[in-house]
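K.L.:
What follows is a predicted protein model with its sequence.
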Amino acid sequence: MKTHLLPLLLATSLLTPTITAIAVPSDTCASTVIQEERKLSPEEEKARGLDVMANQIVENIEEIDLRKVARSPIFETSYGFRWKMFNVKTGHFYTIKVNKNFALISVRDSKNNPL
């Protein structure tokens, strides 16, 4: 049984059709909002000064204990920026969202409750 399984899988993978990309007119793409996130590099964070602004935002939130906190990379989203914080001492996660002007939008804990 085991000796026949591998050739069978190879044969079915060769016979199945492949998916090809279809060109979509640009006017239909313009009407939809793309919800992609792009991870910023550490060099880009420093060039924009996002690291300093992220620290200033987190310092103003009283619920987050800054001792032994790790920050994820900053992601650029359609509405602004997003990153996560993890308190190594307590084990709590926080998701922080800010707009393009770095005004605080929301802070949520690991259970998706707003702070």
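P.N.:
Here it is on my side, so go on.

K.L.:
pLDDT below threshold where in the protein?
P.N.:
1-35 (pLDDT under 70).

K.L.:
what ranges do the helices span in it?
P.N.:
Assigned by DSSP state H, the chain shows helices spanning 2-15, 26-31, 42-48, 50-59.

K.L.:
quick one: contacts of the third one?
P.N.:
What that stands for is helix 42-48. Helix 42-48 has contacts (CB atoms under 8 Å, 6 or more residues apart in numbering) with 40, 50, 51, 73, 74. For every residue, glycine as well, the C-beta is placed using N, CA and C.

K.L.:
what number of residues lie near residue 77?
P.N.:
Counted with other CB atoms under 10 Å, residues neighbouring residue 77 total 16.

K.L.:
Likewise for residue 42?
P.N.:
10.

K.L.:
are any of the contacts of helix 42-48 buried, and which?
P.N.:
For the contacts of helix 42-48, a burial check counting by 16 or more other CB atoms under 10 Å picks out 40, 50, 74.
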